[in-house]
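Enquirer: quick one: sequence and predicted model below, then my questions.
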Amino acid sequence: MQYYNYIKALHLIFVVTWFAGLFYIPRLFIYHIEASEKLSPDKEILTSQLKLMTKRLWKIITWPSFILCTLFAIWLLVLRPILLEEPWMLIKLGFTVLLILYHLKNHQMYKQLQRDEINYTSKFMRIWNEGATLILFAVIFLVILKSTFNWIFGVVGIIVLGILLMLGIRLYKRIQQKNPNA
């Protein structure tokens, strides 16, 4: 079991790189959606470049990180199955399922944008972009605080964070409207 911490370190490295991809991919989606509203030739040049950037991020970083993160997580649970008896771990796995669903929805959006199918607004994408952030906050607090996690404060904290993120998006939109070159 002396290699447990090495596996845990690898798991955390791929958690970080997976989240990096999940944080950046909706941002590229926003740029792609906004580029589709431009006039030629800017539209074609930007869209082509954004498709390439998105493809590289998604296929070279995000998907491999997701797969390796998951494999190392399973390995950790195989080495210490007693963790599955801990309530905090079961809740963490619930958040992980939500994160996987978020990842798969991003994959669907990725495929649509690669075909130049614009089904969402940039405003929606700005809100969508915060999904991974909320899950990350919930999981980090849950893992660090474990059984001492006070659910009332935790739930209120996630709600407050969500409200602050929405207010930040509105503030950003107002600033953009006043100064489009910012």
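Expert: Cool, the structure landed.

Enquirer: the helices in this structure, which residues?
Expert: Applying DSSP state H to the chain gives helices spanning 4-35, 42-56, 63-79, 87-114, 122-128, 131-145, 151-178.

Enquirer: was I right to think residue 107 contacts residue 59?
Expert: No: using C-beta atoms under 8 Å, residue 107 is not in contact with residue 59; the gap is 10.4 Å. Quick note: C-beta positions are derived from backbone N, CA and C, even for glycine.

Enquirer: neighbour count for these two, which is higher?
Expert: With neighbours defined as other C-beta atoms under 10 Å, residue 107 and residue 59 compare such that residue 107 has more, 15 against 11.

Enquirer: so who does that one touch?
Expert: By C-beta atoms under 8 Å, 6 or more residues apart in numbering, the contact set of residue 107 is residue 58.

Enquirer: for residue 44, see how far away it is.
Expert: 25 Å (C-beta to C-beta, to the nearest Å).

Enquirer: one more: residue 97?
Expert: Applying C-beta to C-beta to residue 97 and residue 44 gives a distance of 39 Å.

Enquirer: what do you get for residue 4?
Expert: Residue 4 is 52 Å from residue 44, by C-beta to C-beta.

Enquirer: how about residue 6?
Expert: 48 Å.

Enquirer: flag the shaky bits of the chain, pLDDT-wise.
Expert: Where the chain drops to pLDDT under 70, the residues are 1, 147-156, 181-182.

Enquirer: neighbours of the closest residue to residue 89 other than its chain neighbours, how many?
Expert: In space, and not counting its chain neighbours, residue 89 is closest to residue 83: 4.8 Å by C-beta to C-beta, 6 or more residues apart in numbering. Using other C-beta under 10 Å, residue 83 has 14 other residues around it.
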